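Enquirer: only geometry, no sequence info:
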Ligand SMILES: Nc1ncnc2c1ncn2[C@@H]1O[C@H](COP(=O)(O)OP(=O)(O)OP(=O)(O)O)[C@@H](O)[C@H]1O
Ligand SMILES: [Mg+2]
């Protein structure tokens, strides 16, 4: 595989670390150290792809552990990063896995899932590419269906052509939407896949399932559907035909191997040593199982073998009961970069409420806007919400920015319920309104524990 092609696979190549941080700034307030670390890790994989082949193999990804309390942006950073990189991304929870040999999900499934995700990703981008063509072909077939005599009618070709053109026009105008047509569809025979979860064979992913499905005869069925539905079905069929699945799978695997990102959440939950019995006995087992995947191994997926050597792993955890040093040493070594995320302050909350592209205030404004209500918040009001969030986090439990969600929904509940039966017009949320609504709740520790 030549460099150029690998380079093209990762569009993120064009983003410098500074630009990556700038993009992340659009969604995450603060946490500069973590942003820097992930930006460097991402840029390094681009750099790696530019290196001569021999050395390229040797360059390992900068796997990262993000340490920080709950709700401060760990998952958010990883998620935004993946979107930015247009890379296959998978989020898994370390605590969900069980040691090989025990009942449950084994760690290799994360690579299989990532690969399937990547295949879907590439497939949908290819579908987008052939969309126009598929649509055109589907239309031709639809016209054939609507003009069933077209094959015999050699006699009056001109007339035929005219009718076809007229039909085409009607089709475009949507006049024929509800007309019924008969189409042939293919369906997999007796749904074998549906049985699998019940017999606990979720893991027979590997080719086997598809093999069986291919062996079983496909059922052809003639169905009567509306033109509207027929068009959808035909477009799908034509898209399927236009896409070269082998090429899709190859590209998807390359993407996984060179730019895949696996985010392992709750890594702290599998840290800890010295367990001799009970449910914890498999924790270090899971860690040991993780090791080869993170160090680089080859995993069998239903799309063939996938190498994990250059997948970027980002782990996260609160690490309040355990420390990264409680992980088995080999695993610690595979995560050379540690970044700490800070607890969020009242000032951070103020900014989080309004600045991110998906800021809560923007969300609620848009929601109420759909009901023709205009809601605005005075700067004082924003400050007050942030203040209450910080207070409750301090007095009850610190759940980070998630606290803003609970406060906002308690604050706006009445409006959200009354609208649209009551029309308010201009809703102006001031500091006083917030105090009236939430003061007692915030100050009563017992009450706020339940409601906020
Ligand atoms: N620094 C931040 N800037 C903007 N929004 C944030 C920030 N931190 C958290 N949020 C928001 O709070 C919510 C929870 O954040 P996130 O999922 O990243 O938490 P986390 O750190 O992964 O916590 P956990 O340890 O519980 O998994 C998200 O909706 C996110 O958008
Ligand atoms: Mg998280």
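Expert: All right, it came through fine. Everything numeric here is computed off the predicted structure, so don't read it as measured data. Residues are numbered from 1 along each chain as shown. Ligands and ions are numbered 1, 2, ... in the order given.
Enquirer: tell me the pLDDT at the residue in the chain positioned nearest to ligand 2?
Expert: The nearest approach of the chain to ligand 2 comes at residue 75, 3.2 Å away (CB to the ion). Yep, even glycine has a C-beta here, placed from its N, CA and C like the rest. With respect to pLDDT, residue 75 scores 91.
Enquirer: residues from the chain in reach of ligand 2?
Expert: Residues of the chain found near ligand 2 (CB under 5 Å from the ion) are 74-75.
Enquirer: not counting its neighbours along the chain, what's nearest residue 218?
Expert: Counting by CB to CB, 6 or more residues apart in numbering, residue 218 lies nearest to residue 186, which is 4.8 Å off, once chain neighbours are set aside.
Enquirer: count of neighbours near residue 376?
Expert: Using other CB atoms under 10 Å, residue 376 has 12 neighbouring residues.
Enquirer: again with residue 321
Expert: Neighbours of residue 321 under the rule other CB under 10 Å: 11.
Enquirer: which of the three states applies to it?
Expert: Taking DSSP: H, G, I helix; E, B strand; the rest coil as the rule, one finds residue 321 in the coil state.
Enquirer: chain neighbours aside, what residue packs nearest to it?
Expert: Ranked by CB to CB, 6+ apart and with sequence neighbours excluded, the top spatial neighbour of residue 321 is residue 268, at 6.9 Å.
Enquirer: got the phi/psi numbers for that neighbour?
Expert: Note on residue 268: backbone dihedrals following degrees, to the nearest 10 are phi -60, psi -30.
Enquirer: quick one, what contacts it?
Expert: Residues in contact with residue 268, defined by CB atoms under 8 Å, 6 or more residues apart in numbering, are 317-322.
Enquirer: now list the buried members of those.
Expert: Among the contacts of residue 268, those classed as buried by 16 or more other CB atoms under 10 Å are 317-319, 322.
Enquirer: between these, which is nearest ligand 1?
Expert: Of all the buried ones among the contacts of residue 268, residue 318 has the smallest distance to ligand 1: 5.4 Å, by CB to the nearest ligand atom.
Enquirer: give the full set of residues in contact with the closest one.
Expert: Listed by CB under 8 Å, 6+ apart, the contact set of residue 318 reads 67-70, 268.
Enquirer: just residue 297 next, same as before
Expert: Contacts of residue 297 (CB under 8 Å, 6+ apart): 307-309.
Enquirer: one more time with 6 Å
Expert: Residue 297 makes contact with residue 308, according to CB atoms under 6 Å, 6 or more residues apart in numbering.
Enquirer: per-residue confidence at the closest residue to ligand 1 within the stretch 351-452 of the chain?
Expert: Of all residues in the stretch 351-452 of the chain, the one sitting closest to ligand 1 is residue 401 (3.4 Å; CB to the nearest ligand atom). Note on residue 401: pLDDT of 96.
Enquirer: ok, the one 3 residues further on next?
Expert: Per-residue pLDDT puts residue 404 at 96.
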